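>>> sequence first, predicted model second:
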Amino acid sequence: YRPATLDDVKGQDNVIHLFRQMLLTNKPMHFLFYGPPGTGKTSTILSLCKELYKGRPRDQYVLEINASYDRGIDMVRQKIKPFCKRSTTAFEAPVGGHTVDYKFVILDEADTLTADAQNALRRCIEIYSYNTRFCFLCNYVSNVIPPILSRCYACHFKPVAKAEALALMASVCAREGVPHTPEVLTTVYDALRGDLRGCLTTLQAVFHMHGDVRADLLCEQLGTVDDALWARVAALDGVAAVHTLVGELHDRGASVRKLLQALTAWSLAACTPAQIRTLAPVLSRMERQCLFQVDNRLLLLELVMTVWQVLGV
């Protein structure tokens, strides 16, 4: 169900409009797409290339590299430079009737490129702009050096809008014969926060495991946190009770990141401004620690202890 054309891309209307105008006017740019996973970054640029080079040998006009595997300066020297130097056969565009004489280099996971590789790419963009356009795809734009950012049009891919995501999920479920309700699809969307690819993957996994996609099965798969947990934390009557709850959560395999996400949403709706001011910096630091795989039990203990002190003491 990956989009095959630009019309199939959901939730990124501004970018699609820009691409349509680019195809009509023959004024291509260098691009940098950034945003959460599962929002259509790779699918969008691949759909553009399919429409632009329709009927042409893909390997002559498109070089796609996943920087998770090739991320050093040798990749730039051995793959990108030879591709850019290679001559390209110009042809008449399928839309607009103008001449297309440029290729595309697509660098997925560009935020994992080394600093040396990014500096080498900066020079490539300058030298080969006469026949090559670059598209960088990443989740964290802060990891891309400013010289590359200034040479590209940066497009922020926001989470897919709820209405569009629910409509697509319902359509896919109907075509695959998966029984579902609007409430179930909403549960999946809310848990994955607009990651459309993740939504479809979760529905597929739960259906294959259980033959159904009931809300309780999805909540178990997604590790959904019940809001009642925070009221329980606030009502703890001592440090011993805190350790008991932490042990229970740890034995259950609770995800600290899921707990942090749930607590953030719950606190904004249920806590006082003073409590939010106290919790916010702690939650921010702990989410960063999660990225570096700090011991799960220690983080659980700090999280529960912090919430207990702020809400219950």
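Structure's in. What do you need?

>>> where does pLDDT dip in the stretch 201-313 of the chain?
293-295, 313 (pLDDT under 70).

>>> now the helices for it?
Secondary structure of the stretch 201-313 of the chain (DSSP state H, counting those that start in this stretch): helices at 215-222, 228-234, 239-251, 256-270, 273-291, 296-307.

>>> now do the fifth one: distance to the chain's middle.
Its chain's C-alpha centre and that of helix 273-291 lie 22 Å apart, by C-alpha atoms, centre = their mean, to the nearest Å.

>>> that helix to helix 256-270, inter-axis angle?
170 degrees (axes from the mean of the first three to the mean of the last three C-alpha atoms, to 10 degrees).

>>> give the next helix or strand downstream of whichever strand or helix holds Met75.
Using DSSP states H and E, Met75 falls within helix 73-75. Next along the chain after helix 73-75, taking DSSP H and E as the criterion, comes helix 81-85.

>>> which parts of that following helix are buried?
Across helix 81-85, burial judged by 16 or more other C-beta atoms under 10 Å covers Lys81, Phe83, Cys84. Glycine gets a C-beta too; all of them are placed from N, C-alpha and C.

>>> for that helix, which helices and strands make contact with it?
For helix 81-85, the elements it packs on are strand 103-108, helix 115-127, judged by 3 or more C-beta pairs under 8 Å, 6 or more residues apart in numbering; DSSP states H and E.

>>> single out the most deeply packed of the ones you listed.
Comparing the helices and strands packed on helix 81-85 by mean neighbour count (mean count of other C-beta atoms under 10 Å), strand 103-108 comes out on top with a mean of 22.

>>> so what secondary structure elements neighbour that strand?
helix 41-52, helix 58-61, strand 62-66, helix 81-85, strand 132-138.

>>> would you list those in a markdown table and tack on distance to Ala93 and mean pLDDT?
Shown next, in a markdown table, are the helices and strands packed on strand 103-108 (distance: least, C-beta to C-beta, whole Å; pLDDT from 0 to 100):
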| stretch | distance to Ala93 | mean pLDDT |
| --- | --- | --- |
| helix 41-52 | 7 | 91 |
| helix 58-61 | 12 | 90 |
| strand 62-66 | 15 | 92 |
| helix 81-85 | 21 | 93 |
| strand 132-138 | 14 | 94 |
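
>>> among these, show me which one is buried the most.
Comparing the helices and strands packed on strand 103-108 by mean count of other C-beta under 10 Å gives strand 132-138 as most buried, with a mean of 24.

>>> what angle separates that one from strand 103-108?
Using the same axes, to 10 degrees: strand 132-138 against strand 103-108 is 10 degrees.

>>> show the subsequent helix or strand relative to strand 132-138.
According to DSSP H and E, the helix or strand after strand 132-138 is helix 146-151.

>>> tell me the buried residues in that following helix?
Buried residues in helix 146-151, counted by 16+ other C-beta under 10 Å: Ile148, Arg151.

>>> neighbouring contacts of it?
Defining contact as C-beta atoms under 8 Å, 6 or more residues apart in numbering, one finds that helix 146-151 is touched by His30, Leu32, Gln118, Asn119, Leu121, Arg122, Ile125, Glu126, Phe136, Val141.

>>> pick out the most distant pair among these.
Farthest-apart pair in the contacts of helix 146-151 is Glu126 and Val141; separation 20.7 Å (C-beta to C-beta).

>>> on that earlier part again, I'd like the helices and strands packed on helix 81-85 as CSV, with mean pLDDT appended.
Output for the helices and strands packed on helix 81-85, formatted as CSV (pLDDT from 0 to 100):
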stretch, mean pLDDT
strand 103-108, 94
helix 115-127, 91
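
>>> quick one: which of these is nearest Ala215?
Closest among the helices and strands packed on helix 81-85, using C-beta to C-beta: strand 103-108, at 34.3 Å.

>>> which residues touch the closest one?
Residues contacting strand 103-108 (C-beta under 8 Å, 6+ apart): 42, 45-46, 49, 52, 60-68, 80, 83-84, 88, 113, 121, 131-137.

>>> that one vs helix 41-52, what angle?
Interaxial angle, strand 103-108 versus helix 41-52 (the same axes, to 10 degrees): 160 degrees.

>>> Asp195 contacts Pro159, doesn't it?
Yes: in this structure, Asp195 is within contact of Pro159 by C-beta atoms under 8 Å, at 7.0 Å.

>>> who has more neighbours, those two?
When Asp195 and Pro159 are compared for neighbours, Asp195 comes out ahead with 20 against 17, by other C-beta atoms under 10 Å.
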